[in-house]
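In: need a structure here:
(one chain, ligands or ions: 2)
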Amino acid sequence: MKSDLQAIAGVLQRSRKVIVSGHIMPDGDCVGSVAALGLALARLGKEATMALPDPVPELFRFLPGTADFLTGETALGGDYDTFMVLDCSVPERLGALRPLLERRLTVCNIDHHVSSHSFAHYNYIDPRAAATAEIVQDLCALLGVEITPGIAACLYTGIVTDTGSFQYENTTPETHRRAAALIERGAPVHEINIQLYEQKPLAHLRVLEAVLPTLSLTPCGRVAWMSVTRRLLESLEARDEHVNGLINYARSVRGVEVALLFREISPGRYKISFRSKEAVDVNRLAARFGGGGHVRAAGCVLEGELPSLQTQVVAAALEAIRVSGA
Ligand code: 5GP
Ligand code: MN
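Out: Ligands and ions are numbered 1, 2, ... in the order given. Predicted structure coming up:
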């Protein structure tokens, strides 16, 4: 069922105990949106629990509220009347929190993925929003919650990360107006920039150093891919979050239209990230493999041997480029 945001604001006004959550392998928009809505609900006097299926990556732990996040199944022990799901396009991406969908709770889903499914009682999906944080910003206004500097920092982080620092094509004049409003409310832009981009753990660069030699290009130069195995991460004592962002190096090569990153998540199981530059709809490309996301950034999970998965996905990417006419 499609709902308007006002209806979701109404649900929240009537609620008492709310659990706010997002997707597995959380990104800045997911963490920022969950923290912002959790803090906003607390200001309304609600009992708000913030939870994610996976731990908050170290990168985002500077955000207010994140120290209180529950991780994985620990959140299942609580008693709630409302379940807010943010930035999560399909129920599978709720991971360990998915059983909450089976409970007698009012479930609201707020998202901006084109591939999003209406799996909740109330679904507000706006693919024109650059980030889920933009929708949470509107929800705060509907709830009459004052945007504190802390809430502003969370929402700004969601927008800045999902727009690639206002560089991707989802960035509009409206995105900048929203960011301006958050800066007026006290979002510490310079500090957020330092936290996100100038404080990388050394492990992140060590992973980059080890992954760059795996960069391969098709003979036509339009598709580039890289791979990360568990063994490599273990040998560097690095975590999954240290892999985030590396795919941008593959996309940044002149002539490349589609970039792929094959990340081993468990033996024989690979998370594949897709990025495109100008023409290819990678949401559709990832959907061919059971995944989804956005037009320029998407993902899926596949099982098999790495070389054969690479052959299949690279061939599909070449085909998508051909069909797009790019
Ligand atoms: P990333 O490559 O940064 O993990 O994900 C890029 C985008 O694709 C994100 O918006 C994310 O929500 C989506 N995405 C990543 N992996 C999957 C997946 O396995 N299934 C679906 N449906 N979407 C995914
Ligand atoms: Mn998002």
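In: hmm, who's touching the helix or strand residue 316 falls within?
Out: Element membership for residue 316, per DSSP states H and E: helix 306-324. Applying CB atoms under 8 Å, 6 or more residues apart in numbering, the contact partners of helix 306-324 are 218, 220, 222-223, 225, 227, 229, 257-258, 260, 262, 264, 270, 272, 274, 279-282, 284-285, 288-289, 302. The way it works is simple: take the backbone N, C-alpha and C, and place the C-beta from them, glycine included.
In: Three-state assignment for residue 117, please.
Out: Using DSSP: H, G, I helix; E, B strand; the rest coil as the criterion, the local structure at residue 117 reads coil.
In: mind listing what it touches?
Out: Residue 117 makes contact with 89-91 under the criterion CB under 8 Å, 6+ apart.
In: filter the contacts of helix 306-324 down to the buried ones.
Out: The neighbour count (16 or more other CB atoms under 10 Å) marks 218, 222-223, 225, 227, 229, 257-258, 260, 262, 264, 270, 272, 274, 279-282, 284-285, 289, 302 as buried among those.
In: not counting sequence-adjacent ones, nearest residue to residue 176?
Out: residue 166 (6.9 Å; CB to CB, 6 or more residues apart in numbering).
In: you'd agree that neighbour is in a helix?
Out: No. Applying three-state DSSP, one finds residue 166 to be coil, outside a helix.
In: now it: how far from residue 6?
Out: To residue 6, residue 166 is 29 Å away according to CB to CB, to the nearest Å.
In: more neighbours: which of these two?
Out: Neighbour comparison, residue 166 and residue 6: the larger count goes to residue 166, with 14 against 11 (by other CB atoms under 10 Å).
In: residue 160 is in contact with the more buried one, correct?
Out: Yes. Residue 166 lies in contact with residue 160 (CB atoms under 8 Å); the separation is 7.1 Å.
In: circling back to that earlier point, which of the contacts of helix 306-324 fall in strands?
Out: Among the contacts of helix 306-324, the ones falling in strands (DSSP state E) are 223, 225, 227, 258, 260, 262, 264, 270, 272, 274, 302.
In: closest to ligand 2 among the residues you listed?
Out: Taking CB to the ion as the measure, residue 274 is the one of those closest to ligand 2, at 15.2 Å.
In: what is the neighbour count of residue 101?
Out: As a burial measure, residue 101 scores 15 neighbours (other CB under 10 Å).
In: for the one 5 residues further on, same thing?
Out: Counted with other CB under 10 Å, the neighbours of residue 106 add up to 18.
In: and if you look at residue 221?
Out: Residue 221 is flanked by 12 other residues according to other CB under 10 Å.
In: OK, contacts around it?
Out: Counting by CB under 8 Å, 6+ apart, residue 221 touches 253, 255-256.
In: of those residues, keep whichever come out buried.
Out: residue 256.
In: okay if I get the contacts of residue 221 as JSON lines plus distance to residue 64 and pLDDT?
Out: Formatted as JSON lines, those follow (distance: CB to CB, whole Å; pLDDT from 0 to 100):
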{"residue": "253", "distance to residue 64": "38", "pLDDT": "98"}
{"residue": "255", "distance to residue 64": "43", "pLDDT": "98"}
{"residue": "256", "distance to residue 64": "38", "pLDDT": "98"}
